[in-house]
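*Asks:* Predicted structure and sequence below. I'll ask about it afterward.
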Amino acid sequence: MTTREQQTILLTGVNGQVGFELARSLQGLGKVVALDRNALNLADLDQVRRVVREVKPGLIVNPAAHTAVDKAETEVDAARRLNAEAPGVLAEEAKRLGAALVHYSTDYVFDGTKDGAYVETDAVNPQNVYGKSKLAGEQAIAASGCAHLIFRTSWVYGTRGKNFLLTMLRLGAERDELSVVADQFGAPTWANTIAALSASVLSQSIVTTSGDWWDKYSGVYHLTASGVTSWHGFAEAIFDFSNLEKKPAVKPIPASSYPTPAARPSNSRMSNDRLADVFGVRAPDWRDALQLCMAVR
């Protein structure tokens, strides 16, 4: 991994929200081999090993995951396979190759009871199957001993796939009033922001003259938009920036009025200070990123 020309980057989940953006942001950092589920099914661990050994990447970037939080409560094995076992195998193969692994995790590794923003050293205590499976993935990567960056993010949205932004725009065009949870707090994070900051960090690993960059910086980092809001505040901002002719009224409700199969943390705020201190990068405010996303969609 000494020059861009020598580095092959294996990217999983290219059709997902973050994977789609990473396929573009990683250009110029190496030869990007971007694979969708048909070419690399993370549920097939033997295929995962085989593909990694065939591609022989210097860097593996893994945004793919089982992200259906409520479905994970009944799809426990599938969630664990994609979110814990597959990252573990990717980490083992990275270690064997002398490659590095970039992996994406979640605010759901925390229980949401802290008064203030979570930092990387805070105790984890996931409250649902999805969070538990993502934490197990983090732990498997660390246990492998491979060079790695784990980026925990939150409330991811974008212009493709299934996410809160697209759901609100669809429902807003159909209804006069929407009820949205107002007592859960976090940072809505555009998939493009995640990809851009990831590429910025990874570019530092390439241009450095130090041979121990990955030894020095491997670990967990929080990577979310700056600022904080509620789901209700997020919804209001979406309609503020939308071009809907008739915008719905957005009614605030408590989470207790909208029960879901999976428990969700009341506080999903995460501090990005370590990311800024170590790599000199900081995400834009969530409203600024949302406005830009809405402008380009």
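*Replies:* The structure has been received and is ready for your questions. Residues are numbered from 1 along each chain as shown.
*Asks:* Please count neighbours and contacts with C-alpha atoms only from this point.
*Replies:* Noted.
*Asks:* Count the residues that sit near Asn243.
*Replies:* Neighbourhood size, Asn243 [other CA atoms under 10 Å]: 12.
*Asks:* Now it. Its backbone dihedrals?
*Replies:* phi -110, psi 20 (degrees, to the nearest 10).
*Asks:* Could you tell me how far it is located from Asn192?
*Replies:* According to CA to CA, to the nearest Å, Asn243 and Asn192 sit 21 Å apart.
*Asks:* for Ser200, same thing?
*Replies:* 12 Å.
*Asks:* Show me which of those two is the more surrounded one.
*Replies:* Neighbours per residue (other CA under 10 Å) separate Ser200 from Asn192, with Asn192 holding more: 23 against 17.
*Asks:* and the more buried one, what helix or strand is that in?
*Replies:* helix 191-207 (DSSP states H and E).
*Asks:* other SSEs contacting the helix or strand that that helix is followed by?
*Replies:* Downstream of helix 191-207, the next assigned helix or strand under DSSP H and E is helix 213-217. If contacts are counted by 3 or more CA pairs under 8 Å, 6 or more residues apart in numbering; DSSP states H and E, helix 213-217 sits against strand 147-153.
*Asks:* who's in contact with the strand it packs on?
*Replies:* 94-95, 99-107, 138, 141-142, 189, 194, 214-215, 217-224 (CA atoms under 8 Å, 6 or more residues apart in numbering).
*Asks:* Of the residues you listed, which belong to strands?
*Replies:* Of the contacts of strand 147-153, the ones assigned to strands by DSSP state E are Ala100, Leu101, Val102, His103, Tyr104, Ser105, Thr106, Thr189, Gly219, Val220, Tyr221, His222.
*Asks:* okay if I get those as TSV plus distance to Tyr157, neighbour count and pLDDT?
*Replies:* TSV is the format used below for the ones in strands among the contacts of strand 147-153 (distance: CA to CA, whole Å; neighbours: other CA atoms under 10 Å; pLDDT from 0 to 100):
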residue	distance to Tyr157	neighbour count	pLDDT
Ala100	26	24	97
Leu101	23	26	98
Val102	20	23	98
His103	18	23	98
Tyr104	14	25	98
Ser105	15	25	98
Thr106	13	24	98
Thr189	6	25	98
Gly219	25	17	98
Val220	21	21	98
Tyr221	19	25	98
His222	17	25	98
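*Asks:* and the two most separated of those?
*Replies:* Ala100 and Thr189 (24.6 Å; CA to CA).
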